[in-house]
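Peer 1: coordinates for the following, if possible.
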Amino acid sequence: QVQLVESGGGLVQAGGSLRLSCAASGLTFSDYTMLWFRQAPGKEPEFVAGKGWHGGSEYYADSVLGRFTISEDNAKNTVYLQMNNLKPEDTAVYYCAARFQKYGSGWYDNNYRGQGTQVTVSS
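Peer 2: This next block holds a predicted model:
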């Protein structure tokens, strides 16, 4: 059974930092593109960042480029999202997702998705 479990969310002031983690189990981690999405209240889910399978390329939404960094620890089957210089508009539930050997940024195109972790940025 595949599980993606996010952690690390919380409340932070604008300009602060958080690091989200997503621990994956039940799949061959290196075979999957790992992605982060977010969904703010009343809005559609939004792509944030992705990292290709087998050590592939990183890619980001324009809104987070230069502030967020996606990384992986293959020994721990974990993907991270380092978020710096946070803004109130980054407030959302952040979701981790896995996609088998494909790039892309669609919310509905993933094989697996976690339950999400709340990030709240106060002004």
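
Peer 1: need the contact list for the residue most central in space within the chain.
Peer 2: Nearest to the mean C-alpha position of the chain, by Cα atoms, centre = their mean, lies residue 36 at 2.3 Å. For residue 36, the contact set (Cβ atoms under 8 Å, 6 or more residues apart in numbering) comprises 20, 22, 48-50, 70, 79, 81, 94-97. Heads up, the C-betas are built off the backbone N, CA and C, glycines and all.

Peer 1: against residue 81, how distant is residue 22?
Peer 2: Distance, residue 22 to residue 81, by Cβ to Cβ, to the nearest Å: 8 Å.

Peer 1: which element is the nearest residue to residue 116 once chain neighbours are set aside on?
Peer 2: In space, and not counting its chain neighbours, residue 116 is closest to residue 93: 4.2 Å by Cβ to Cβ, 6 or more residues apart in numbering. Using DSSP states H and E, residue 93 falls within strand 92-100.

Peer 1: was I right to think residue 113 contacts residue 93?
Peer 2: No - using Cβ atoms under 8 Å, residue 113 is not in contact with residue 93; the gap is 11.5 Å.

Peer 1: excluding its backbone neighbours, what's nearest residue 7?
Peer 2: Closest to residue 7 by Cβ to Cβ, 6+ apart is residue 21, at 5.1 Å.

Peer 1: now swap in residue 15 and tell me
Peer 2: Nearest to residue 15 is residue 85, by Cβ to Cβ, 6+ apart, at 6.0 Å.

Peer 1: before we move on, the earlier item: tell me which residues are up against the helix or strand just after the strand holding residue 93.
Peer 2: As assigned by DSSP H and E, the chain's next helix or strand after strand 92-100 is strand 112-113. Residues from elsewhere that reach strand 112-113, judged by Cβ under 8 Å, 6+ apart: 2, 4, 27, 37, 95-98.

Peer 1: likewise stretch 13-29?
Peer 2: For stretch 13-29, contacts defined as Cβ under 8 Å, 6+ apart pick out 1-10, 12, 32, 34, 36, 72, 74, 76-88, 94, 96, 98, 112, 114, 117, 119, 121-123.

Peer 1: show the pLDDT at the residue nearest to residue 7.
Peer 2: In this model, residue 21 is scored at 98, pLDDT.
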